[in-house]
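Asker: The following block contains a protein sequence and its predicted model.
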Amino acid sequence: MKILNKQELETFSRQIILSEIGEMGQLKLKNSKVLVVGAGGLGCPVLLYLAASGIGILGIADFDIVSRSNLHRQILYSYQDIDLKKTFVASQKLKLINQNSNFQVFEDGINENNIEKILPHFDIIIDCTDNFETRYLLDNFCEFYKKPLVYASIFKFEGQLTVFHLNENCGLKNLYPNKTSEIPTCDSAGVLGIHTGILGLLQANEVLKLILGLGNVLSGKVLNYNFLTTEQFIFQYQSVIIKEKYKIIYLQDFLELQTQQSDIQLIDVRTKAEYLQDNLGGICITNDDFEQNINKIQFNKDIYLYCQTGNRSISFVKKLVEKRFLKNIFIIKAH
């Protein structure tokens, strides 16, 4: 565990004198690893205050560049930053706030190709994105690896905030089971800059509560915030996931099992091209081809699913559960 140096003891002295935090609490912050996905309207205040609070490792994932229309709400950036990578600008400015933090930059953002390499190394994931494809990808991953996901979204003059996947609680797909691309983003619906600031600060607050073990975390409940009336209300949602029926098996354990048992039902849920390039054996059935190939699945045997990140395997599990598959389902985890 890292310790606090003399400079940090002075910098964070006003936090440390809080009896609920103290030096041990500040050490928890220094030894925490937090990933912020999206360095835009929500991400900027989150990054600023987490860096200023003393988070030891702060990941910044965003593929975008700074544009003029960002400046009214993305407060890390200024006119001279236009056309520069957000991750680069953000990391440089945050270093001026906290020289003791390690800022890790992921300038391609988060996608199916890199999520497996990046997210396992962080304790808490913060969803500051504005598209549902990335939101559901993060949701599946955090469920798979049991990582808390601090989620927020804004539509015009209302915001929502919650923490998913803490202590087996629900995720985004449990609250919003139907993926949609019809909900407008800030680009099309508009947004008042201060609103992203308010909600981003509330996200950062949930992260600090998680790390420090303070207060009541918004797990299993959603905060709705009306920016025009300042009215807030919290509604409860299902606090325990009705878990899809699957277990995790590590790749090395599966390979050993495969040498001992020849009659294994292994399904590779990647694309045909990925399967042909490299595979563990078995058959290839993608999520898109599930219905056409359902006759190839042996419903009287345990099943082992393999893909690159586990994300596609989880989607495949849901299809099996819908068909009332009664045997054991295993997802093969690379490491």
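Answerer: That came in fine, so what should we check first?
Asker: mind listing the strands for the stretch 201-335 of the chain?
Answerer: According to DSSP state E, counting those that start in this stretch, the stretch 201-335 of the chain carries its strands in the segments 221-226, 232-236, 247-250, 265-268, 283-284, 303-306, 329-333.
Asker: check contacts around residue 233.
Answerer: Contacts for residue 233 (Cβ atoms under 8 Å, 6 or more residues apart in numbering) come out as 223, 224. Every C-beta, even on glycine, is put in place using the N, C-alpha and C of the backbone.
Asker: State the distance from it to residue 166.
Answerer: 21 Å (Cβ to Cβ, to the nearest Å).
Asker: Select the longest helix from the protein.
Answerer: Ranked by residue count and defined by DSSP state H, the top helix of the chain is helix 193-212.
Asker: so how far is that helix off the chain centroid?
Answerer: Chain-centre distance of helix 193-212: 15 Å, with Cα atoms, centre = their mean, to the nearest Å.
Asker: Please work out the angle formed by the directions of that helix and strand 232-236.
Answerer: Inter-element angle recorded for helix 193-212 and strand 232-236: 50 degrees (by axes from the mean of the first three to the mean of the last three Cα atoms, to 10 degrees).
Asker: now helix 193-212: mean pLDDT?
Answerer: The pLDDT scores in helix 193-212 average 96.
Asker: could you dump that helix to CSV, C-alpha only?
Answerer: The C-alpha trace of helix 193-212 is given here as CSV (Å, rounded to 0.1, in the frame of the first residue of the first chain):
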residue,chain,number,x,y,z
GLY,A,193,-23.8,23.5,-19.1
ILE,A,194,-24.3,23.9,-15.4
HIS,A,195,-26.5,20.8,-15.3
THR,A,196,-23.7,18.5,-16.4
GLY,A,197,-21.6,20.1,-13.7
ILE,A,198,-24.2,19.4,-11.0
LEU,A,199,-24.7,15.8,-12.0
GLY,A,200,-21.0,15.2,-12.5
LEU,A,201,-20.3,16.4,-9.0
LEU,A,202,-23.0,14.0,-7.7
GLN,A,203,-21.3,11.1,-9.5
ALA,A,204,-17.9,12.0,-8.0
ASN,A,205,-19.6,12.1,-4.6
GLU,A,206,-20.9,8.6,-5.0
VAL,A,207,-17.4,7.4,-5.9
LEU,A,208,-15.9,9.0,-2.8
LYS,A,209,-18.7,7.4,-0.7
LEU,A,210,-17.9,4.0,-2.2
ILE,A,211,-14.2,4.3,-1.5
LEU,A,212,-14.5,5.8,2.0
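Asker: just checking, what packs against that helix?
Answerer: Packing contacts for helix 193-212, counted by 3 or more Cβ pairs under 8 Å, 6 or more residues apart in numbering; DSSP states H and E, involve helix 22-30, helix 43-53, strand 124-127, strand 149-155, strand 158-164, strand 221-226.
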